[in-house]
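Student: Just to be clear, the model below is a prediction. Sequence and coordinates:
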Amino acid sequence: MIIVDHVIGGAPADHHARELPRDAQPHLWWFTSSRGAIVLGSAQSPDVVDRAACERNDLDVVTRRSGGGLVLVGDDREVWLDVLLPSNHPLWVADISLASAWLGQAWRDALLDVGVVGSDGVTVHEGPMEHNELSSLICFAGRAPGEVFMGRSKAVGISQRRTREWVRFQCALSLRWEAHTMASVVADPGVTAERLAGLGTDLELDVSSVVDAVQWRITERLAVR
């Protein structure tokens, strides 16, 4: 059994604080934010963002339980899905560099299903995490295993939170990349909009069609025993 839940109009802080399930079934948690927010990775200090700038941009400051860098969410900027996989499932992989490969492939196939194409195609990053001078700060600046790209632009970012019983993959499809907004809320003045330009994708898509395609592709894989 695969349990699907749609939360529409919730606050990002509440969704990130959501407790892991008590059963041992895969879960898909679709989330539509009622608030714009800048989301910190679990290991990031709140000092990396400018609180006054966040207030001016009407953005909450939230910390998620999974790793990675800053993500700007809400106001139709992304399609947000958490995939929760119990440790007894055949797709469970202990190696974090391999664990999300199947999920990235499902996202890629779903994007192709809804007609997303790019000059360099739609690809899934394989191999280890690729770091650069911005990747520890900005999620979409790095290249993590299983993430989906169109050329140099990240289409789908994936972070993980792991326990003995569960892995929670947090996925964000970039519909609108706002380099200026992101740069304005980062405390480091050296992080400019020019440096952040093109890190994420801008996609004109029917969200309901994307949700249907992604859910079908993920469910297809989860059902394989």
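Tutor: Here it is on my side, so go on.
Student: For the rest of this, base every contact and every neighbour count on C-alpha atoms.
Tutor: Noted.
Student: Do me a favour and get the backbone dihedrals for Arg162.
Tutor: phi -120, psi 140 (degrees, to the nearest 10).
Student: mind showing which ranges of the chain have poor pLDDT?
Tutor: Counting by pLDDT under 70, the ranges of the chain that qualify are 119, 225.
Student: tell me what the longest helix belonging to it is packed against?
Tutor: Using DSSP state H, we find that the single longest helix of the chain is helix 207-222. When contacts are defined as 3 or more Cα pairs under 8 Å, 6 or more residues apart in numbering; DSSP states H and E, helix 207-222 sits against helix 101-113.
Student: May I have stretch 59-67 as PDB, with CA atoms only?
Tutor: This file holds the C-alpha atoms of stretch 59-67, laid out as PDB (Å, rounded to 0.1, in the frame of the first residue of the first chain):
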ATOM      1  CA  LEU A  59       9.300  35.400   4.000                       C
ATOM      2  CA  ASP A  60       9.200  33.200   7.100                       C
ATOM      3  CA  VAL A  61      12.600  31.700   8.100                       C
ATOM      4  CA  VAL A  62      12.300  27.900   8.600                       C
ATOM      5  CA  THR A  63      14.700  25.100   9.300                       C
ATOM      6  CA  ARG A  64      14.100  21.700   7.900                       C
ATOM      7  CA  ARG A  65      15.200  18.400   9.300                       C
ATOM      8  CA  SER A  66      17.000  17.200   6.100                       C
ATOM      9  CA  GLY A  67      20.400  18.400   5.000                       C
END
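Student: Outside of it itself, list whatever touches it.
Tutor: For stretch 59-67, the external contacting residues (Cα atoms under 8 Å, 6 or more residues apart in numbering) are 12-13, 16-17, 35-43, 51, 54, 159-161, 168, 170.
Student: Which members of the residues you listed are positioned in strands?
Tutor: Residues of the contacts of stretch 59-67 located in strands (DSSP state E): 37-40, 159-161, 168, 170.
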